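In: Make a model of this:
(one chain, ligands or ions: 1)
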Amino acid sequence: MGLKGHAAIVGAAQYRPEKYATAPRMFHLEQVADLADRALQDAGLKASDLDGLVINGPHFHEASVFVPAMAAEYLGLRLNFAEVVDLGGTTSVGMVWRAAAAIELGLCQAVLCVLPARMAPFGPDEDPAWMARAMRFGGHSTAFGAPEAEFDLPYGHMGQNTGYAMIAQRYAARYGYDPVAMAKIAVDQRTNALTNPDAMFFGKPLTVEEVLGSKMVADPLHVLEIVMPVAGGAAVIVASKELAARARNRGAFVTGFGEHLAFKSPTYAAEMTETPIGPASRRAFEMAGLKPADMDAAQIYDCYTITALLTLEDAGFCEKGEGMRFVREHDLTWRGDFPMNTHGGQLSFGQSGSAGGMSQVIEAFTQLAGRAGDRQLKRCDRVYVSGTGGVMSEQGALILQGA
Ligand SMILES: CC(=O)CC(=O)SCCNC(=O)CCNC(=O)[C@H](O)C(C)(C)COP(=O)(O)OP(=O)(O)OC[C@H]1O[C@@H](n2cnc3c(N)ncnc32)[C@H](O)[C@@H]1OP(=O)(O)O
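Out: Residues are numbered from 1 along each chain as shown. Next comes the predicted model:
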């Protein structure tokens with residue numbers, strides 16, 4: 001059951017993360033066209049090679065429905081496969097495996113997976129305050145009839161920060177909590193970002209003391225353990241092995257994937273500290289015929305330090321409850337014994353909305369292709385990538401392998 005590893009990421013493009021206030025405003029269709037062009041150039045392929053499209057539906061500026069058809073029309077593409085993915089922070093991982101599966105089914109040969117995440121220009125009647133209002137409740141729905149509008153928001157569970165803090169508190173109660181180990185996750189990732197000129201926090205070293213001394217946002221999460229929202233956008237091209245053979249880069253073949261979701265609010269989690277990345281990762285490793293110990297790097301979705309910690313445990317890189325010891329005992333930097341989030345992670349790279357998770361996919365591809373510059377790993381043939389949506393509510397995993 002599963003993929004044979006006959007499809008690969010062959011090209012990628014990513015806007016440098018920027019603060020919303022200063023980032024250029026572009027229509028989403030314009031971003032899709034621009035990112036597609038850059039990713040095709042990176043791959044050494046032509047627009048006429050593309051016959052598949054996976055795109056984000058939610059938050060697409062110019063349309064809320066029929067988004068793939070509108071984008072195909074704008075790009076002049078003729079598609080045999082089109083898909084919208086609505087999985088929050090695991091959208092990127094979900095896009096890549098869906099593209100690989102469509103290619104292996106013989107539906108198409110090259111799929112553009114694209115996530116525009118710069119703001120669009122405001123129309124004459126648009127109120128610029130809409131974004132502040134939308135962000136206030138994070139991923140929670142305030143719609144009449146939505147369970148979280150009735151049972152979460154009135155009790156102070158306002159958005160992601162409180163949800164993840166609640167999970168961290170639950171973890172602390174079950175297994176204990178070492179704030180220094182948690183801060184080390186952010187610090188090691190910052191060390192990685194110091195080698196990545198594209199990272200938001202490039203050139204800004206960080207210490208454990210600074211993390212622990214930073215503002216407490218939702219106990220036990222300090223501001224420097226939480227991602228900063230930024231403008232950005234990203235695309236990758238997934239292609240058949242035949243096209244991959246004539247692409248410019250060493251392909252990152254998709255040999256395993258998994259996805260798991262069972263609830264939206266952690267209010268309904270059977271046990272908050274046993275996360276969906278467990279079943280998702282088990283399936284991914286089984287499909288690829290590999291184990292966590294076989295990986296040369298892990299690009300782990302890190303909206304918060306607690307997300308990274310729980311993923312390390314539940315994906316099987318260490319035993320349950322041993323995550324903090326694992327972090328203390330390993331060097332998570334690009335030159336360390338467990339290279340993790342070698343681009344800086346979203347904590348230091350910045351989180352460009354639902355395109356944030358694509359930064360992890362693109363870093364895996366960049367390392368596998370041997371193009372990571374100063375932070376290039378000496379040996380990189382197998383990489384684990386995770387995605388996390390909502391409040392640890394929907395998660396996905398990929399195993400990517402160099403040809
Ligand atoms: C999407 C999914 O499905 C899954 C997920 O990823 S869940 C996570 C989704 N993302 C979020 O919920 C965003 C989380 N972040 C936040 O809520 C906010 O960044 C925060 C509450 C942590 C901080 O916001 P704030 O206190 O209002 O800071 P703000 O007033 O905006 O900025 C003050 C300064 O701190 C910086 N800053 C803001 N957030 C920062 C962060 N997270 N890390 C580091 N620096 C930050 C700003 O750049 C600013 O610096 P300057 O003064 O130099 O310009």
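
In: Return the residues of the stretch 51-200 of the chain in contact with the ligand.
Out: 88-89, 138-139, 159-161 (CB under 6 Å from any ligand atom). For glycine as for every other residue, the C-beta is placed from the backbone atoms N, C-alpha and C.

In: rerun at 8 Å
Out: With CB under 8 Å from any ligand atom as the criterion, the stretch 51-200 of the chain meets the ligand at residues 87-91, 135, 138-139, 159-161, 164.

In: Let's see which of those residues end up in helices.
Out: Cross-referencing these against helices under DSSP state H gives 91, 135, 160-161, 164.

In: Just send the residues you listed back as JSON lines, with neighbour count and distance to Asn196 too.
Out: JSON lines is the format used below for these (neighbours: other CB atoms under 10 Å; distance: CB to CB, whole Å):
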{"residue": "Thr91", "neighbour count": "29", "distance to Asn196": "22"}
{"residue": "Met135", "neighbour count": "10", "distance to Asn196": "26"}
{"residue": "Gln160", "neighbour count": "23", "distance to Asn196": "25"}
{"residue": "Asn161", "neighbour count": "18", "distance to Asn196": "25"}
{"residue": "Tyr164", "neighbour count": "26", "distance to Asn196": "25"}
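
In: May I ask which two of these are separated the most?
Out: Thr91 and Asn161 (20.2 Å; CB to CB).

In: all helices of the stretch 1-150 of the chain, in order?
Out: With DSSP state H, counting those that start in this stretch as the definition, the stretch 1-150 of the chain shows helices at residue ranges 28-43, 67-75, 91-104, 130-136, 147-151.

In: which of those helices is buried the deepest?
Out: Of all the helices of the stretch 1-150 of the chain, helix 91-104 has the most neighbours on average by mean count of other CB atoms under 10 Å, namely a mean of 26.

In: what's it in contact with?
Out: Applying CB atoms under 8 Å, 6 or more residues apart in numbering, the set of residues contacting helix 91-104 from outside is 3-4, 6-7, 9, 52, 54, 56, 81, 83, 85, 87, 108-111, 113, 115, 234, 236, 238-240, 254, 257, 259, 354-355, 357-358, 360-361, 385-387, 389, 396-398.

In: For PyMOL, write a command that selects the buried ones of those residues.
Out: Provided next is the PyMOL selection string for whichever of the contacts of helix 91-104 are buried by 16 or more other CB atoms under 10 Å:
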select buried, resi 3+7+9+52+54+56+81+83+85+87+108+109+110+111+113+115+234+236+238+239+240+254+257+259+354+355+357+358+360+361+385+386+387+389+396+397+398
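
In: Next, work out how far apart whichever residue of the stretch 301-403 of the chain sits closest to the ligand and Gly89 are.
Out: Across the stretch 301-403 of the chain, no residue is closer to the ligand than Cys303, which sits at 3.2 Å (CB to the nearest ligand atom). Per CB to CB, to the nearest Å, Cys303 is found 6 Å from Gly89.

In: buried residues in stretch 271-287?
Out: Using 16+ other CB under 10 Å as the burial criterion, the residues of stretch 271-287 that qualify are 272-285, 287.

In: Restricting the selection to alpha carbons, write it to PDB.
Out: C-alpha atoms of stretch 271-287 as PDB (Å, rounded to 0.1, in the frame of the first residue of the first chain):
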ATOM      1  CA  GLU A 271      -5.300  12.900  25.200                       C
ATOM      2  CA  MET A 272      -3.700  16.200  24.200                       C
ATOM      3  CA  THR A 273      -0.100  15.000  24.500                       C
ATOM      4  CA  GLU A 274      -0.600  12.100  22.100                       C
ATOM      5  CA  THR A 275      -0.700  13.900  18.800                       C
ATOM      6  CA  PRO A 276      -1.900  12.900  15.300                       C
ATOM      7  CA  ILE A 277       1.700  13.100  14.000                       C
ATOM      8  CA  GLY A 278       2.200   9.600  15.700                       C
ATOM      9  CA  PRO A 279      -0.100   7.600  13.300                       C
ATOM     10  CA  ALA A 280       0.800   9.900  10.400                       C
ATOM     11  CA  SER A 281       4.500   9.300  10.900                       C
ATOM     12  CA  ARG A 282       4.200   5.600  11.500                       C
ATOM     13  CA  ARG A 283       2.400   5.200   8.100                       C
ATOM     14  CA  ALA A 284       5.000   7.400   6.400                       C
ATOM     15  CA  PHE A 285       8.000   5.400   7.700                       C
ATOM     16  CA  GLU A 286       6.200   2.100   7.000                       C
ATOM     17  CA  MET A 287       5.500   3.200   3.400                       C
END
